[in-house]
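In: okay, sequence plus prediction incoming.
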Amino acid sequence: MTTAEPLPFFVYGTLRPGERYYVRFLRGRTAAEVPARLPGAVLYEGPGYPYAMEGGGVVTGALITPSPEAYAQVLVVLDQLEECHGPDDPRNMYDRVSRTVELPGGGTARAWVYLAAPALARRLLAEGTPIPGGDWVTARRSPPGERV
């Protein structure tokens, strides 16, 4: 799934600046990185990474704008990483969707966000563990029993 409007990406887990997949796939390929929040979403724990899905919370992350010369490559790599094969593809682990994110100071921006695909979202609702506060990085660094 490579054709897309060149929107920035809202990332909330291992692709956030300083995290393992940011270092591997995004470092040196970005033009801008700013803190951001995704309203109308809930974050769930996963095995080593989180899953965001539609819901009544707010997810904390970063808005990443790839550099123009790296955009096409970043899009392909992130779709592969997130197992996003195409719109409504039943093989998708995540669906790439356009959403409005909130920026510091009150602004907003449209961005690509990888949300749990429908089959995974149903499983998370039935069996998953929400991340309190919607911030995976903060929750991961909090001692057990003191999760934010």
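Out: Noted; the coordinates are in hand. The shown structure was predicted, so the numbers you read here are calculated from the model rather than taken from an experiment.
In: can you report phi and psi for the closest residue to residue 14 other than its chain neighbours?
Out: Once flanking residues are discounted, residue 14 sits nearest to residue 21: 4.1 Å by C-beta to C-beta, 6 or more residues apart in numbering. To be clear about C-beta, it is placed using only N, CA and C from the backbone, and glycine gets the same treatment. Dihedral pair for residue 21: phi -80, psi -20, per degrees, to the nearest 10.
In: residue 21 contacts residue 27, correct?
Out: No. Using C-beta atoms under 8 Å, residue 21 makes no contact with residue 27, being 9.9 Å away.
In: compare those two (neighbour count), which wins?
Out: Neighbours per residue (other C-beta atoms under 10 Å) separate residue 21 from residue 27, with residue 21 holding more: 18 against 11.
In: quick check: the more buried one vs residue 77, distance?
Out: From residue 21 across to residue 77, the span is 10 Å (C-beta to C-beta, to the nearest Å).
In: name the residues contacting each of these two.
Out: Common neighbours of residue 21 and residue 77 are not found (criterion: C-beta atoms under 8 Å, 6 or more residues apart in numbering).
In: what residues does the worst-scoring helix or strand of the chain on mean pLDDT touch?
Out: Every helix and strand in the chain was compared by mean pLDDT, DSSP states H and E; the lowest is helix 136-141, with a mean of 88. Residues outside helix 136-141 that contact it (C-beta under 8 Å, 6+ apart) are 12-13, 16, 19, 43, 45, 49-50, 60, 131-133, 147-148.
In: looking at those residues, which is nearest residue 31?
Out: Nearest to residue 31 among the contacts of helix 136-141 is residue 16, at 16.6 Å by C-beta to C-beta.
In: how about the helices in this structure?
Out: Along the chain, the segments classed as helices by DSSP state H run 20-21, 71-81, 118-127, 136-141.
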